[in-house]
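# Turn this into a model:
(one chain, ligands or ions: 1)
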Amino acid sequence: MTKPQGALRNRIAVITGAAGGIGSAVARAYAEQGGRLALVDRSVELLAPIQEELARGGHEVLPIAVDLRDEASVQSAFRKIREQLGEPDILVNNAGIDTTSRLVDMPTQMWDEMMAVNLRSVFLTTREVLPGMIARKWGRIINTASQLGHKGAADMVHYCAAKAGVIGFTRALAYEVAASGVTVNAVCPGPIDTPLLQALPQAWLDKKRAELPIGRFGRVEEVAPAFVLLASEQGSYFIGSTVNMNGGDYMI
Ligand code: NAD
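Residues are numbered from 1 along each chain as shown. Alright, predicted model coming up:
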């Protein structure tokens, strides 16, 4: 049940990619902390399992279908959120895709798709919520980047470029709005056991697991607490941070 004194009590939070592994874990954690949630993903059918799970725990959430590649779809989704829940206090830009190809073989369409979903969407959604946050002098933008925004990985030039872009976006916007009471930060996970990770080639997964100091992939519940902290009042001095959790894969 919702904690009466939860860290996100009565905050309106929008989570993109909420049907996925990390997004649904963030939704669980935010619901437990009293947040009022709009869960955003490609269809309401994809969102039904997490919506039903949260409803069983007494948390009613608003499911919203959107194609984050499409500006009109994003604008319409945020119109619905404003009408049905109110102005968002917290935005978690978490939706993402993961494909692999050697650069020399990469079709332009694969590059463009990666930029549209993993980077351009962050601009489109953030632009929707920022005026309200600045007007109320309180807001939290949390972007799911990746450790691959800091370091490289073969066959993932487009993914690494997009996630480095998310980190640059986070830092630049953090400068722009810090004095307005809005914090902008990024979470940079290493390999976390979700459908996105499992879609990668098995040989890549085996090699990656063997390299990890901790000897295993991360669990989504190990990622979610950072999103709670960054969204909370207590997270107010995190400005333009990249919060890393990666089992020791990349220490900075
Ligand atoms: P996931 O595939 O389980 O979830 C991603 C969600 O994004 C899916 O529910 C999908 O439907 C949604 N989505 C994709 N395209 C969309 C679009 N056009 N419009 C709306 N929604 C769309 O993956 P995950 O592992 O939970 O990943 C969440 C985020 O974490 C991603 O940004 C990913 O890049 C990042 N990340 C994941 C890992 C990992 O190892 N799993 C590591 C670092 C960063």
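# Next to the ligand, which bits of the stretch 1-150 of the chain? Give me the list.
17, 19-23, 41-42, 46, 66-69, 94-98, 117, 144, 146 (Cβ under 6 Å from any ligand atom). Using the backbone N, CA and C atoms, a C-beta is placed for each residue, glycine as well.
# Can you tell me which helices and strands the lengthiest strand in the chain packs against?
Ordering each strand of the chain by length in residues (DSSP state E) puts strand 182-189 first. Secondary-structure packing of strand 182-189 (3 or more Cβ pairs under 8 Å, 6 or more residues apart in numbering; DSSP states H and E): helix 121-136, strand 139-144, helix 157-177, helix 220-231, strand 242-245.
# Could I get the buried residue list for the fourth one?
Looking back up the chat, that one is helix 220-231. 220, 223-224, 226-231 (16 or more other Cβ atoms under 10 Å).
# Next one, pLDDT for the residue most central in space within the chain please.
In the chain, the residue lying closest to the centroid (Cα atoms, centre = their mean) is Asn94, at 1.9 Å. We have a pLDDT of 98 for Asn94.
# before we move on, what about Pro201?
Among the per-residue scores, Pro201 shows a pLDDT of 88.
# so who does the closest residue to it other than its chain neighbours touch?
Nearest residue to Pro201, sequence neighbours excluded (Cβ to Cβ, 6 or more residues apart in numbering): Thr100, at 6.8 Å. Counting by Cβ atoms under 8 Å, 6 or more residues apart in numbering, Thr100 touches 155-156, 200-201, 204.
# of these, closest to the ligand?
Using Cβ to the nearest ligand atom, Leu200 comes nearest to the ligand of the contacts of Thr100, at 8.6 Å.
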